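J.: What would the 3D arrangement of this be:
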Amino acid sequence: MDTQQRPPSLLNLDIQLCFALYSAMLGMNKVYRKQLKALGLTYPQYLVMLVLWQQDQLIVTDICQRLYLDTATLTPLLKRMEAQGLVQRQRSEQDERRVVVSLTEAGRALREPAEAVPHCVMQATQCSVDELVGLREQLVQLRERLFASR
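T.: Here you go, the predicted structure:
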């Protein structure tokens, strides 16, 4: 019988950074789903709205860059949001290849009730503001390093 203990495997699920991030995101999505249901938004739609609430009338490629999405992912999402009456898509007069996305009145009106979402999410995390700021900064640095390594 082999009495030597094997070294921990690098393939152990519990030590995987990717799994820690993935499972934390599952928990975060669950919290957001509950909050966003009242607004009639999915999490990806909420992200688009955050971008447009910050700066309205953006071209699709700018939104894609901001959210780290490709146009094939964002376009169907924008079509659904347009059908909901939240955004309007219009070809640019200067360059027909560009599509400008603008908030509708209904889209702008969602901003005020959406103000409660970050507060509810912060409560669910049970973290202090300093903890959340530090965690966010670490994740942004990680994202930047990962995208730079491609």
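J.: pLDDT weak spots in the protein?
T.: Applying pLDDT under 70 to the chain flags residues 1-3.
J.: Where do the strands of it begin and end?
T.: Under the criterion DSSP state E, strands of the chain are mapped to 58-59, 87-91, 99-103.
J.: Would you convert these into CSV that also reports distance to Pro113 and mean neighbour count?
T.: All C-beta atoms are positioned from the backbone trio N, CA, C, and that covers glycine. Rendered in CSV, the data for the strands of the chain read as follows (distance: least, Cβ to Cβ, whole Å; neighbours: other Cβ atoms under 10 Å):
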stretch, distance to Pro113, mean neighbour count
strand 58-59, 22, 18
strand 87-91, 17, 15
strand 99-103, 15, 19
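J.: Specify the stretch among those strands that is closest to Arg145.
T.: Checking these against Arg145 by Cβ to Cβ gives strand 58-59 as the closest, at 26.6 Å.
J.: Work out which residue lies at the spatial centre of the protein.
T.: In the chain, the residue lying closest to the centroid (Cα atoms, centre = their mean) is Leu47, at 4.9 Å.
J.: Quick check: closest non-adjacent residue to that one.
T.: Of all residues not flanking Leu47 in the chain, Leu67 sits nearest, at 5.5 Å (Cβ to Cβ, 6 or more residues apart in numbering).
J.: Just give the number of residues close to the one you found.
T.: Leu67 has 16 neighbours, counted by other Cβ atoms under 10 Å.
J.: Give me the neighbour count for Gln126.
T.: For Gln126, the tally of surrounding residues (other Cβ under 10 Å) stands at 7.
J.: Lovely, talk soon.
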